[in-house]
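> Build the 3D model from these lines:
(chains A and B)
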Number of protein chains: 2
Amino acid sequence: MARNTTVAADTGAPPVTRDLARFVTQHPSRGWGDAVEHEAHRTFVNWLGCAVGAAHHESVSAALAAVQVLQPAPQATVLGRHERVDIASAALVNGIASHTFDFDDTHLKTIIHPGGPVASALLALAELKGEAVNGRGLVDALVLGIDVACRVGNAVYPEHYDRGWHITGSTGMLGAAAGCARLLGLSEQQATMALGIAASQPVGLREQFGSMTKPLHPGAAARAGLMAALMAQHGFTASPRALEAPRGLMQVFSTKCDWREIGGEIGSRFEISFNTYKPFACGIVIHPSIEACVQLRAQGISAADIERIELKVHSLVLELTGNKEPADGLQAKFSVYHGCAAGLVFGRAGEHEFDDAVVNRADIVELRSKVVATVNAGIAEDECRLAAVLRDGRRIDVHIQHAVGSLERPMSDAALEAKFHSLADPVLGTQRSTALLQAAWQVGQAPQLPPLAALARP
Amino acid sequence: MARNTTVAADTGAPPVTRDLARFVTQHPSRGWGDAVEHEAHRTFVNWLGCAVGAAHHESVSAALAAVQVLQPAPQATVLGRHERVDIASAALVNGIASHTFDFDDTHLKTIIHPGGPVASALLALAELKGEAVNGRGLVDALVLGIDVACRVGNAVYPEHYDRGWHITGSTGMLGAAAGCARLLGLSEQQATMALGIAASQPVGLREQFGSMTKPLHPGAAARAGLMAALMAQHGFTASPRALEAPRGLMQVFSTKCDWREIGGEIGSRFEISFNTYKPFACGIVIHPSIEACVQLRAQGISAADIERIELKVHSLVLELTGNKEPADGLQAKFSVYHGCAAGLVFGRAGEHEFDDAVVNRADIVELRSKVVATVNAGIAEDECRLAAVLRDGRRIDVHIQHAVGSLERPMSDAALEAKFHSLADPVLGTQRSTALLQAAWQVGQAPQLPPLAALARP
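Numbers count the residues shown, from 1 in each chain, chains lettered A, B, ... in the order given. Presented below is the predicted three-dimensional model:
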């Protein structure tokens, strides 16, 4: 998240997105000459003939068989809600939901968030398959699907990401396709086709950060991967070299392709081992500072004791999160000052601590103003040094070498459970949330999956 | 189709697509240590909590509202078939069908096939909307949607295509989104969001040429654009600079971005004016040679008269279609020799003339062997010079300056009708096919669209 681009970019481009939107919405009906109008009809006639003519081609039949799996429409769970939708839509919506708070998992070497695209596709597919799928199969598919996405990520990161791709979505469709291929029990040849079909559908631009389309990326990747596996199962074909060919995905979307990252230690080193989870619902560069304030609070220090907080951080912290006066929750996610205030006052910084109301509370606003953050060249990205100068004259130093949630200091299972409850209790209620959590911990032993999905409905 | 890449490519890559497919299908269940197994459960728990926690976020609600439009599942026509599917799937399958024979339209400046992604999305959406949509609205949306796709294509072609993107799918989702935004009557702001959502979902790699995933590209682009418009209608957001920003689509997927191509003469010059239609069901470089043989036949020459056919062509013809002994229909599409034989024997080269049985007919095989094609530096891509040396000693010269189907010599409406019948009659029967054709020619005047879709069912 924190790298600068190495790819030259034109920053003087005209606002063509909006210009085109204005054009298509406001140009008058039939605002053109007869020749254009006639050509439109020729285009329509020709398109229609081509489509009707191929109606019984094997490619059309294969694609149709795959999309007919989406019937009946209400077949899969939208997590945390009553509505039911088709499995492709469930993969999409659950993938969006899981990345909406930017609170999900991170494969730090590539900053891929691998759970969203892979698990969202798998749960929807498992729900459809019903008793034909057990928890063991789901966990196997999760581990292997994540391995595929992260290995491709390792091969192309950072060039691919620097260029502007949101790597979670642009590798996630491969992870979802691989996981679904596993869950469906596809042959090697079919799985090759599934990866190939998925390779033509990379999702996601970093330009979308700050809009709803950022969380769309893992969702759309989940849907693309799921459908790719279903199409392959029904005989749809793709290039068997869709990833590695000179005009295959990897060389098309990255100038760096370290092929050894794909096969190195495959089957013995699993990328899910390097997955991490955020304790705080904001950008990872703020985490050391929040944790330092949480530790202050644990020593009995409260906001009323504070004269000043002196914070020494890595340069990226102020570059990305230097907003001292955030106006709302979204801005507060990019404010190391708010992170410190939340950590000291609440002892945590979950989604709730970024509510607009919390961000604008008088005591929080005041506490933010007492934080003085400076860049220090000797401080690493996941480190900070904090000195609390108290009203009584005392000075308390806190040093965070590696923030909690890093590979060096992973969140404990208990902390992960507390995080789960903070998210799920308001939606499902504590009792159901507890049952769902227990089912999730035991998913590898579950004889069948649908009950787990049912527990995730309020 | 005929350019060489200008982008350096690594041709020595290992077969990672198949390697990964083998790994995910064959690695043993729970073939890892306890730490990996536990991390898989932590990943699942964390993903589940994040998704449930965001269940009522506005982004999730907006996406859910959009996918609920896909219910009930059987709501739209698969052209030429009895089955009905949801509108997103109809856009997908009809987009696949229309490009399956490589017989659709071509915007020659960019070699985009614009009808597939735009019309497939529009017809499905129109069918859902029923009486709320009339033919005028459909034609308006078709012209404007195609304009958006082709203008973006103009701005990035050829660099984007040379790099390996199948430009039909990688700009088509913008055309589909624009067209659907128009048909839905979205506001300028909503249409900006629709284009932005679509911008994160470019589809298509040239590596897929020769597999079913090539025609998947316009289909998946149609689906992505349709869903982007529906999501925007329900409040989903994207970057308003998703196309032009330094990390927006255009700079991410092309180093050439000629912004003037987007806005130049917009609203007065329409790209659909430059759309062309193929008279023959194969690569466009063979068309002049086929037409020369069709003209020979029109002069009363038959296969039995031929001693030898001497053909002078552009170098690309032999580079791309130099297969003298094609084994089946797919290979015959890349054989200028077969094209000549079909033209002389049948007077046409539609999909039927590339049937496996036709390709292997003795007289066709013999006639192919009598064609001698040579490259001539003075011959243009859409030109050829043919000399038929007859058994009676005569020599007949034919010169095709511009092949039929080019901008200079467009197919006549009558030829387009004959092409339509050749495609649709075997599927729908002549009577229904005639009615459908008539409805298509009059689509701009149609008071409502669903009857047109109904006519396209057998």
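
> Show me the shaky parts of chain A.
Under the criterion pLDDT under 70, the flagged ranges of chain A are A:1-9.

> where exactly do the strands run in it?
Ranges of strands in chain A, per DSSP state E, are A:76-77, A:84-85, A:105-107, A:275-277, A:306-313, A:371-375, A:384-390, A:395-400.

> anything in the second one near chain B?
Yes - looking at strand A:84-85 against chain B by C-beta under 8 Å from any C-beta of the partner chain, the contacts come from residue A:85. To be clear about C-beta, it is placed using only N, CA and C from the backbone, and glycine gets the same treatment.

> Not counting that strand itself, show me its contacts.
For strand A:84-85, the external contacting residues (C-beta atoms under 8 Å, 6 or more residues apart in numbering or on different chains) are A:73, A:74, A:75, A:76, A:77, A:78, A:93, B:64, B:67, B:68, B:70, B:71.

> try 6 Å this time
Here strand A:84-85 makes contact (C-beta atoms under 6 Å, 6 or more residues apart in numbering or on different chains) with A:74, B:67.

> again, but for stretch A:114-132
Here stretch A:114-132 has contacts from A:75-76, A:87, A:90-91, A:94-95, A:98-99, A:104-105, A:107, A:133, A:138, A:141-142, A:145-146, A:149-150, A:172, A:175-176, A:179-180, A:183, A:218, A:221-222, A:225-226, A:448-450, A:453, B:43, B:47, using C-beta under 6 Å, 6+ apart.

> Around chain B, which positions in the stretch 201-350 of chain A sit nearby?
Counting by C-beta under 6 Å from any C-beta of the partner chain, the residues of the stretch 201-350 of chain A close to chain B are A:201, A:203-208, A:211-213, A:236-248, A:251-252, A:259, A:262-263, A:266-267, A:270, A:272-273, A:275, A:277.

> Which ones among these map onto helices?
Per DSSP state H, helices hold the following members of those: A:213, A:251, A:252, A:262, A:263.

> so what's residue A:213 up against?
By C-beta under 6 Å, 6+ apart, residue A:213 lies in contact with B:197, B:200, B:238.

> ok, the residues you listed vs residue B:35, which is closest?
Of all the contacts of residue A:213, residue B:35 sits closest to residue B:200, with 35.1 Å by C-beta to C-beta.

> What is the neighbour count of the closest one?
32 (other C-beta atoms under 10 Å in any protein chain shown).

> Quick check: it touching residue A:205?
Yes - counting by C-beta atoms under 6 Å, residue A:205 is a contact partner of residue B:200 at 5.2 Å.

> and the contacts of stretch A:114-132, which are buried?
Among the contacts of stretch A:114-132, those classed as buried by neighbour count (16 or more other C-beta atoms under 10 Å in any protein chain shown) are A:75-76, A:87, A:90-91, A:94-95, A:98-99, A:104-105, A:107, A:133, A:138, A:141-142, A:145-146, A:149-150, A:172, A:175-176, A:179-180, A:183, A:218, A:221-222, A:225-226, A:449-450, A:453, B:43, B:47.

> Excluding chain neighbours, what is closest to residue A:14?
Spatially, and ignoring its direct neighbours in sequence, residue A:14 is nearest to residue B:259 (5.4 Å; C-beta to C-beta, 6 or more residues apart in numbering or on different chains).

> How many neighbouring residues does the one you found have?
Neighbour count for residue B:259, taken as other C-beta under 10 Å: 17.

> again with residue A:83
Residue A:83: 18 surrounding residues under other C-beta under 10 Å.

> Where does the stretch 251-400 of chain A get nearest to chain B, which residue?
Distances between the stretch 251-400 of chain A and chain B by C-beta to the nearest C-beta are smallest at residue A:252, namely 4.0 Å.

> surely that residue meets residue B:162?
No - the criterion here is C-beta under 6 Å, and residue A:252 misses it with residue B:162 at 10.6 Å.

> What values do phi and psi take at the residue nearest to residue A:14?
Main-chain torsions, residue B:259, degrees, to the nearest 10: phi -60, psi -30.

> separation between it and residue A:45?
According to C-beta to C-beta, to the nearest Å, residue B:259 stands 34 Å off from residue A:45.

> Just the helices from the stretch 351-458 of chain A, written as ranges.
Applying DSSP state H, counting those that start in this stretch to the stretch 351-458 of chain A gives helices spanning A:356-359, A:362-369, A:413-428, A:430-441, A:450-455.

> Columns distance to residue A:328 on top of those, output as TSV?
Shown next, in TSV, are the helices of the stretch 351-458 of chain A (distance: least, C-beta to C-beta, whole Å):
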stretch	distance to residue A:328
helix A:356-359	5
helix A:362-369	13
helix A:413-428	20
helix A:430-441	27
helix A:450-455	33
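
> circling back: residue A:418 is nearest to which of the strands of chain A?
With C-beta to C-beta as the measure, strand A:275-277 is the member of the strands of chain A nearest residue A:418 (11.7 Å).
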